[in-house]
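J.: Kindly generate the corresponding structure for this input.
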Amino acid sequence: MKSWTVGVVGVAGLVAIVAGAYSSREVLLAVAAVTAACVGIGWPHFLDIPAKKTLAALIGLPGVGSAVAATYLPAPGFLNWTPAFVAGGVMAVFVMQLIRGTGQAQRLESTLGSCAGVLLSCLGAGWIACARFNGIREMLVVAAISAAIALTAGLIRWPDRIVAPLGIIGAGLAGPLAGLVISDIAVLPAALVGVVVGAVLVSFRRLVIIRGETLNLPAALGMGLGPVSAVGSLAYFIDKLLLH
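T.: Model prediction:
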């Protein structure tokens, strides 16, 4: 698959998250769980590291657990268990690498890359926390629209020196505009969400370009949904710090 498939997968994931947020918490949980599973399955394929099936479970399961906890924990501690799931996933990755033994191929790359995958998988619970926070979903929509703009900009086959500023500025402008249209969210928090989300997503675009190979379906799913998973927690914490 071509690299632009990653952006399409990301936009589709954002649409599913917004639809889940406006349906029910069980639907949003299902979307978050599927996203974590896709990150778990796809991330080892994107990194092209050994033991893909085992690492898929070690990366995906903590993300699913973090999403379940964020769905059912009482307010305001929606993400209280997320660090524990991250730590558990990282420890499991290290134990697995120890079991593989010394001298195995790509052992260091597999360890570091898998730990990053665990973090991305678990941060997806932030979308659930964002939707549950005071029962207000507007910031979730603002973050999703900003992310969609950044991902769409990333589809343009121009050099990074053009696309990166375009994605960040576009996301930064889309946030306040979306906030003004759908809610009374202040311009500054919405703009900050847009800029931060845009910066994260265009950074991941660079990783796809550096890899420089055609991606298979699992790799495209993992790389498309991994950054989308991460920006959910960013939006939640910005919402919590600046709006309340």
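J.: wouldn't residue 124 be in contact with residue 64 here?
T.: No: counting by Cβ atoms under 8 Å, residue 124 sits too far from residue 64 to count as a contact (9.3 Å). Heads up, the C-betas are built off the backbone N, CA and C, glycines and all.
J.: so how far is residue 7 from residue 225?
T.: Distance from residue 225 to residue 7, counting by Cβ to Cβ, to the nearest Å: 11 Å.
J.: So the two - more neighbours on which side?
T.: Taking neighbours as other Cβ atoms under 10 Å, residue 225 and residue 7 compare with residue 225 leading, 29 against 23.
J.: Need the overlap of contacts for residue 124 and residue 64.
T.: The contact sets of residue 124 and residue 64 overlap at 32, 36 (Cβ atoms under 8 Å, 6 or more residues apart in numbering).
J.: Specify the local secondary structure of residue 14.
T.: State at residue 14, reduced to three classes by DSSP: H, G, I helix; E, B strand; the rest coil: helix.
J.: which one is it nearest to, not counting chain neighbours?
T.: The shortest distance from residue 14 to any non-neighbouring residue, by Cβ to Cβ, 6 or more residues apart in numbering, is to residue 144 (4.6 Å).
J.: The one you found and residue 13 touch, don't they?
T.: No: between residue 144 and residue 13 there is no contact under Cβ under 8 Å: 9.4 Å.
J.: Look at residue 243 and report its pLDDT.
T.: With respect to pLDDT, residue 243 scores 60.
J.: so how far is stretch 236-244 off the chain centroid?
T.: 18 Å (Cα atoms, centre = their mean, to the nearest Å).
J.: what does stretch 222-233 give?
T.: Relative to its chain's centre, stretch 222-233 lies at 1 Å (Cα atoms, centre = their mean).
J.: show me what contacts the nearest residue to residue 205 once chain neighbours are set aside?
T.: Spatial nearest neighbour of residue 205, chain neighbours left out: residue 154 (4.3 Å); criterion: Cβ to Cβ, 6+ apart. Contact analysis of residue 154 by Cβ under 8 Å, 6+ apart lists 6, 7, 163, 167, 201, 202, 205.
J.: can you tell me which of the residues you listed lies nearest to residue 96?
T.: For those, the minimum distance to residue 96 (Cβ to Cβ) is 26.7 Å, reached by residue 6.
J.: Identify the residues contacting that closest one.
T.: With Cβ under 8 Å, 6+ apart, residue 6 has these contacts: 154, 205, 208, 215, 220, 223, 224.
J.: what about the fourth one, distance to residue 23?
T.: Same thing as residue 215. Look at residue 215 and residue 23: by Cβ to Cβ, they are 30 Å apart.
J.: Also the last one?
T.: Taking Cβ to Cβ as the measure, residue 224 and residue 23 are separated by 22 Å.
J.: Just give me the neighbour total for the nearest residue to residue 234 once chain neighbours are set aside.
T.: Using Cβ to Cβ, 6+ apart and skipping the chain neighbours, the partner closest in space to residue 234 is residue 196 (5.5 Å). By other Cβ under 10 Å, 21 other residues sit near residue 196.
J.: Before I go, just wanted to say thanks for your time.
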